[in-house]
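>>> Sequence first, predicted model second:
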Amino acid sequence: MDLLTFLQYSFIQKAFFAGSFVAVICSALGLFLVLRKMSLIGDGLSHVSFGAIALGLFIGIYPFYIAIPAVMIASVLILKISEKAKVYGDAAIGIVSAVGIAGGVILASISKGFNVDLFSYLFGNILAISNTEVILSVILSVVVLAVIYFFYWDLFSATFDEEYAKTTGIKTNFINTLLTLLTALTVVLSVKMVGIMLVSALLILPAVTALQLAKGFKTAMIIASLISLISVLLGITFSFFLDLPTGATIVMVNAIFFGLAIVYKKIF
């Protein structure tokens, strides 16, 4: 099969279209999370999404309708546990993610009918993305990008010096909550693309790769977005022609870019 024929398939076009939007928001948010040492929140929220998706399948409701609000609530809960219970951020993430994944395992064990569907969410299958999921991905991606655009300087200031940001009048608690809510949305959108098990890689790898190459924050965001976008397009293409799992292939392409960035930095 040639490349032109490959691009004519509607499911490939949908995967490219939705994947491109999700790739950009993952890279943009990932940069903020990595610099704030909050990159593990993506992994924790992906575990919560497992429980939420399992609940949706169990009660017969479209999983994303359950997962989006549930994961957003969990993201705020992580912040509240960190603040009120005086628990370190990584411990709070561990508590919430453990409860989420335990709930998903229990639901999967008592129901025999949706384990195949749940497996597809665990490891991702963007080639099977539906029209509803494409529309949902695009709309929510535009919302996330719009929020990042309008709150860019507040997010930037709180990322590099939270104490200074407070003194300039920035409501850092609001910005922290906003960032975790955006991350929650992005995690749910990424589940269909790379799966619950690999979501954190999609948030972290483009960001850390860009940080090896860029000298400024805006440059790093542009590089991260390009790397993420190219990785998704190449990952989908390679997975189709080589008959490989799409999500894992996307992550491996990202990892190759990271390796090349390390080599480039050592040489130059």
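It's in.
>>> hmm, who's touching the strand or helix carrying E133?
Here E133 is covered by helix 131-150, with elements defined by DSSP states H and E. The contact list for helix 131-150 (CB atoms under 8 Å, 6 or more residues apart in numbering) reads 14, 17-18, 21-22, 24-25, 28-29, 62, 64, 68, 129, 155, 178, 182, 185-186, 189, 192. (C-beta placed from N, C-alpha, C; glycine too.)
>>> List only those of these flagged as buried.
Among the contacts of helix 131-150, the ones that count as buried by 16 or more other CB atoms under 10 Å are 14, 18, 21-22, 24-25, 28-29, 64, 68, 129, 155, 178, 182, 185-186, 189, 192.
>>> Among these, which ones are in helices?
Residues from those lying in helices, with DSSP state H as the criterion: 14, 18, 21-22, 24-25, 28-29, 64, 68, 155, 178, 182, 185-186, 189, 192.
>>> one step back: just the CA trace of the helix holding E133, in CSV.
Taking C-alpha atoms only, helix 131-150 is exported to CSV below (Å, rounded to 0.1, in the frame of the first residue of the first chain):
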residue,chain,number,x,y,z
ASN,A,131,-16.7,10.7,15.3
THR,A,132,-18.0,11.7,18.7
GLU,A,133,-14.6,11.3,20.2
VAL,A,134,-13.0,13.4,17.4
ILE,A,135,-15.4,16.2,18.0
LEU,A,136,-15.0,16.0,21.8
SER,A,137,-11.2,16.0,21.4
VAL,A,138,-11.1,19.0,19.1
ILE,A,139,-13.6,21.1,21.2
LEU,A,140,-11.9,20.4,24.5
SER,A,141,-8.4,20.9,23.0
VAL,A,142,-9.4,24.3,21.8
VAL,A,143,-10.8,25.1,25.3
VAL,A,144,-7.5,24.1,26.9
LEU,A,145,-5.4,26.1,24.4
ALA,A,146,-7.6,29.1,24.8
VAL,A,147,-7.2,29.0,28.6
ILE,A,148,-3.4,28.6,28.3
TYR,A,149,-3.4,31.6,25.9
PHE,A,150,-5.4,33.9,28.2
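>>> and the helix or strand where F58 lies, what does it pack onto?
Element membership for F58, per DSSP H and E: helix 40-59. Helices and strands touching helix 40-59, by 3 or more CB pairs under 8 Å, 6 or more residues apart in numbering; DSSP states H and E, are helix 10-35, helix 63-84, helix 89-110, helix 115-123, helix 172-194, helix 199-213.
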